[in-house]
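Student: predicted coordinates and the sequence they were generated for:
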Amino acid sequence: MARIEKLYHCLRVLMMALCGIIFLSGFAFLGFGAWMKHDSFYYAKVTGLFFEHLVNLAYICLGMGALLCLVGITGFCAAMKENWCLITLVSVHMLFCTKIFGTIFVFAYRDLSVVIVRDVGKKSLQTAYMGPAATDPVSTVWNTIITTYECCGFENSIVDFEKSVFSTTTGLKYPKICCVDKNSNKCNGTNTAEGLVYPESCFGKLTDGIQEKFFVIGSTTAAICVAEVRVWYMCSACPWSLEISSLFATIISE
């Protein structure tokens, strides 16, 4: 019995320490969010198009910080007072809050992912893509994108390859994997006849795929949060949950 009491005391201290860390983390998030919100004018000059997303991030940090502080204080009091109901509530709410903010983050930054893809994608295609035979990471990724999505170029089909490293090195206007029929004799990298290469650019298909995955992830996480809340309230209302709580309290008191 003494070992159980020591173990329980150790777990109690650990939970109090953990809740203290959670509270301090929430306070740090609050400070960071307030700092970003206060200095938003200076961020607007530096970040330009990304300014709106940074403002959203400031509000997310403020909300997350407030919730973490609340959870931290509640958990600390629950561990100190040895309240089993509050301890369970805090544990469930920690997972719930994590999923909620994950969902908010996913939906809030879907548009930012498109901006990043536009800025990084076109630059990598023009400055680092070396052709279908290249084995470097950038060329491999672009070859996979072109063949998987059946697209060519970034935003303007074969026009995006003009003055690129690939065109300068090989003398071709487009890689042969851009052809609809790659075994055709007309697919020589210089023939630009209509219908020979994929008419659609890769940017639209890439962003559609990213947006779809973001939506699936966010929707799934939101559904899990709703299910957790329902299960929590159902379990709280069940007689057997009260019996388990009273049994746990009896063991501790002994």
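Tutor: Arrived safely, thanks for sending.
Student: ok, and Val114, which helix or strand is that part of?
Tutor: Using DSSP states H and E, Val114 maps to helix 110-127.
Student: so what does that helix touch, helix or strand wise?
Tutor: Judged by 3 or more C-beta pairs under 8 Å, 6 or more residues apart in numbering; DSSP states H and E, helix 110-127 is in contact with helix 137-149, helix 202-237. C-beta coordinates here come from the backbone N, C-alpha and C atoms, glycine included.
Student: worst average pLDDT in the ones you listed?
Tutor: Lowest mean pLDDT within those: helix 202-237, a mean of 69.
Student: okay, His53: pLDDT?
Tutor: 60.
Student: for Asp39, that is, sorry about that
Tutor: 61.
Student: now Phe107
Tutor: For Phe107, pLDDT reads 69.
Student: report how many residues lie close to Ala78.
Tutor: 22 (other C-beta atoms under 10 Å).
Student: how is this structure divided into domains?
Tutor: Taking automatic domain parsing as the criterion, the chain consists of the domains 1-108, 109-254.
Student: check which helices and strands the helix or strand containing Ser25 is in contact with.
Tutor: Using DSSP H and E, Ser25 falls within helix 2-38. Judged by 3+ C-beta pairs under 8 Å, 6+ apart, helix 2-38 is in contact with helix 51-81, helix 84-108.
Student: quick one: distance of the longest one to the chain centre.
Tutor: Distance, stretch centre to chain centre, for helix 51-81: 18 Å (C-alpha atoms, centre = their mean, to the nearest Å).
Student: that helix to helix 110-127, inter-axis angle?
Tutor: 130 degrees (axes from the mean of the first three to the mean of the last three C-alpha atoms, to 10 degrees).
Student: got the buried residues for helix 51-81?
Tutor: 54-58, 60-65, 67-76, 78-79 (16 or more other C-beta atoms under 10 Å).
Student: got the angle for that helix vs helix 2-38?
Tutor: Using the same axes, to 10 degrees: helix 51-81 against helix 2-38 is 150 degrees.
Student: give the other helices and strands that helix 51-81 contacts.
Tutor: Partner elements for helix 51-81 (3+ C-beta pairs under 8 Å, 6+ apart): helix 2-38, helix 40-47, helix 84-108.
Student: try it again with 10 Å
Tutor: helix 2-38, helix 40-47, helix 84-108, helix 110-127 (3 or more C-beta pairs under 10 Å, 6 or more residues apart in numbering; DSSP states H and E).
Student: could I get those helices as CSV with distance to Lys186 and mean neighbour count?
Tutor: Below are the helices and strands packed on helix 51-81 laid out as CSV (distance: least, C-beta to C-beta, whole Å; neighbours: other C-beta atoms under 10 Å):
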stretch, distance to Lys186, mean neighbour count
helix 2-38, 55, 14
helix 40-47, 47, 12
helix 84-108, 44, 17
helix 110-127, 23, 15
